[in-house]
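S.K.: Sharing a model prediction with you, sequence too.
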Amino acid sequence: MERIAGWRTSVRGALALLLLLVPLACTRASTSETTGTLGAPPRDDRAPLEWARAEPWVIVIRRSCRTLGVYRNGEWVRTFDKIAFGRVPGVKVHEGDRRTPNGFYRIVGKRPHARWARFMLLDYPNLSDRDDHRRALEDGLAAAGPGGEVGIHGTDKERFNQLGIDWTFGCVALMNDDVVELYDMVPSGTLVLIED
């Protein structure tokens, strides 16, 4: 009986250590210009983005790290965490699949929102998303259109965001204070990269 109790304590300790190390993996600096691709260490959010030097503002959303980094002319400005995504894992293919899309987008509209504090509309679906949707239709993997009204907004489920529980229908949800700060910081037209 003592062995089982000791084993459970060891397993709990190992799990606690693993949970502490997982966020560190997302902030570890890398000497290569990777953006979290398989087999390569993810970038440090604070590292400059050479490819974004010509953009006045860029937002990089890293799903695996649950971070939203803000850059000005490629230089790091701020990182937000406690982010929630679409309820269903995977890349968005059609309307109603409750997935968050991957790719490059622009903020095309901004407005206050009664439920989510602020809403920043993305230009989803872009041409790449429409091609993905067409292929999914041909393969019988989609039954509806590509969808729309995907954006970055606040939350009415703060506890879910704090716990890392994905609850949206495909949007990116930040804590309300964070989305207000982001909304005031970046203009319409800001480039947004959503990646795994």
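M.R.: Done, it's in.
S.K.: If you count neighbours, what's buried in the lengthiest strand in the chain?
M.R.: Assignment by DSSP state E gives strand 103-113 as the longest strand of the chain. Buried residues in strand 103-113, defined by neighbour count with 16 or more other CB atoms under 10 Å: G103, Y105, I107, K110. Just so you know, the C-beta spots here come from the backbone N, C-alpha and C atoms, and that holds for glycine as well.
S.K.: do you know how far the second one is from L49?
M.R.: Spelled out, it's Y105. Going from Y105 to L49 by CB to CB, to the nearest Å gives 16 Å.
S.K.: ditto for the first one
M.R.: Summarising the geometry, the distance separating G103 from L49, computed by CB to CB, is 16 Å.
S.K.: One more: the third one?
M.R.: For I107, the distance to L49 equals 17 Å [CB to CB].
S.K.: how about low-confidence regions in the protein?
M.R.: The chain contains residues with pLDDT under 70 at 1-44.
S.K.: Do a quick rundown of the strands in it.
M.R.: 57-62, 67-72, 75-80, 103-113, 117-122, 151-153, 172-173, 191-195.
S.K.: Reformat the ones you listed as JSON lines; add distance to F160.
M.R.: Converted to JSON lines, the strands of the chain look like this (distance: least, CB to CB, whole Å):
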{"stretch": "strand 57-62", "distance to F160": "17"}
{"stretch": "strand 67-72", "distance to F160": "16"}
{"stretch": "strand 75-80", "distance to F160": "16"}
{"stretch": "strand 103-113", "distance to F160": "17"}
{"stretch": "strand 117-122", "distance to F160": "15"}
{"stretch": "strand 151-153", "distance to F160": "14"}
{"stretch": "strand 172-173", "distance to F160": "8"}
{"stretch": "strand 191-195", "distance to F160": "19"}
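S.K.: Among the ones you listed, which comes closest to V180?
M.R.: V180 sits nearest to strand 117-122 of all the strands of the chain, at 5.7 Å, using CB to CB.
S.K.: Dump the C-alpha coordinates for the closest one into CSV.
M.R.: This file holds the C-alpha atoms of strand 117-122, laid out as CSV (Å, rounded to 0.1, in the frame of the first residue of the first chain):
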residue,chain,number,x,y,z
ALA,A,117,-15.6,44.0,-24.7
ARG,A,118,-13.9,44.5,-28.1
PHE,A,119,-14.1,42.7,-31.4
MET,A,120,-11.4,42.9,-34.2
LEU,A,121,-12.7,41.2,-37.4
LEU,A,122,-10.2,39.3,-39.5
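S.K.: What pairs with that strand, parallel or antiparallel?
M.R.: strand 103-113 (antiparallel), strand 151-153 (antiparallel) (DSSP bridges).
S.K.: Could you export the ones you listed as a markdown table, including distance to R72?
M.R.: Listed next are those as a markdown table, based on distance: least, CB to CB, whole Å:
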| stretch | distance to R72 |
| --- | --- |
| strand 103-113 | 15 |
| strand 151-153 | 17 |
